[in-house]
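Student: Provide a 3D model corresponding to the input given below.
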Amino acid sequence: MNGNEFDRTARAWLDDGPTRMSDRAVLFALEEIHTTRQRRVFWPARRATPVNVYARAAIAAVLVVGVGLAAISLLPLGGGSGVGGSLSPSPTPSLAPSPSAIPTPTTSASPSPAPAALPAPAALQGRWRAEIAPSVAILTFTATGFTIDWLSVHSGRIEVEGDKLTFSGSRDPQCPDGGTYRWSIEGDKLHFEPVGTDPCPFQAEWAGNKTYTRYE
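Tutor: Just a heads-up that it's a prediction; the model follows:
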């Protein structure tokens, strides 16, 4: 191959750019390297022949391409921590609300029911008799109620707390609820003593400071 043909081949490869080189250009460059006679050191160095210039350029291009390919092969294929890889953002930990920040449901306290009235003791239950002018009064107690038969018949409820007895629930509109008495039994005798003023005058007549005898 003469110098002109090699020159044309090398120039065509250089025109293609540094990233492209045909197999023919590489073969021509290698063949020229082995066949070109090197000048001796005592020859006068007039000028570098075009053949040697293009041969060196071809060798340099081959080395550049080889180094580039080797570097590319060492690059990681995935998008990990290599150069140019995208960094995935680390997940932000979610903060759970502290127990003090969670509102505690409040429940409205329902009013406690009033204590139920205690039933009358067995010693108080039964029939009792007293002579109250102008007639005889018959007083009857059950566990929760009473009936008085004196001049007329009246009935209602009783609430017993210890030695105190309170009358209520009379059907007589002139006899409002209330009227508390302290009661005591000695033998077959039942005695009442008023605690305060009884709002029912009729009730005060047959219960206030009166003593009854058990009546069978």
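Student: Report the residue ranges of every domain in this protein.
Tutor: 3-74, 126-214 (automatic domain parsing).
Student: any idea which of those scores lowest on pLDDT?
Tutor: Least confidently modelled of the domains of the chain is domain 3-74, at a mean of 58 by mean pLDDT.
Student: For Ala143, give its distance to Leu165.
Tutor: Distance of Ala143 to Leu165, given as CB to CB, to the nearest Å: 13 Å. C-beta coordinates here come from the backbone N, C-alpha and C atoms, glycine included.
Student: which residues are in contact with both of these two?
Tutor: Ala120 (CB atoms under 8 Å, 6 or more residues apart in numbering).
Student: and those two? which has more neighbours close in?
Tutor: Higher neighbour count among Ala143 and Leu165: Leu165, with 21 against 14, using other CB atoms under 10 Å.
Student: show me what contacts the more buried one?
Tutor: Residues in contact with Leu165 (CB under 8 Å, 6+ apart) are Ala120, Leu124, Ile158, Glu159, Thr180, Tyr181, Arg182, Trp183, Phe192.
Student: Buried residues in the helix or strand it falls within, which are they?
Tutor: Secondary structure from DSSP states H and E places Leu165 in strand 164-168. By 16 or more other CB atoms under 10 Å, the buried positions in strand 164-168 come out as Leu165, Thr166, Phe167, Ser168.
Student: same for the helix or strand following it, what does it pack against?
Tutor: The element immediately downstream of strand 164-168 (helix or strand, assigned by DSSP H and E) is strand 180-186. Helices and strands touching strand 180-186, as assessed by 3 or more CB pairs under 8 Å, 6 or more residues apart in numbering; DSSP states H and E, comprise strand 164-168, strand 189-195.
Student: Please name the strands paired to the first one in the sheet, noting orientation.
Tutor: Using DSSP bridges, strand 164-168 pairs in its sheet with strand 152-161 (antiparallel), strand 180-186 (antiparallel).
Student: would CSV of those strands with distance to Ala137 and mean neighbour count be doable?
Tutor: Converted to CSV, these look like this (distance: least, CB to CB, whole Å; neighbours: other CB atoms under 10 Å):
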stretch, distance to Ala137, mean neighbour count
strand 152-161, 11, 15
strand 180-186, 15, 15
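Student: Let me know which of the ones you listed is the nearest to Pro201.
Tutor: Ranking the strands paired with strand 164-168 by proximity to Pro201 (CB to CB) places strand 152-161 first, at 12.5 Å.
Student: Now do the closest one: everything it contacts.
Tutor: Among residues not part of strand 152-161, those counted as contacts by CB under 8 Å, 6+ apart are 117-121, 124, 141, 144-148, 165-172, 175, 202.
Student: Next: stretch 176-190.
Tutor: 123-124, 128, 163-170, 191-196, 198-200, 203-204, 207-208, 211-214.
Student: can you put the helices and strands packed on strand 180-186 in TSV and add distance to Ala137?
Tutor: Shown next, in TSV, are the helices and strands packed on strand 180-186 (distance: least, CB to CB, whole Å):
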stretch	distance to Ala137
strand 164-168	14
strand 189-195	12
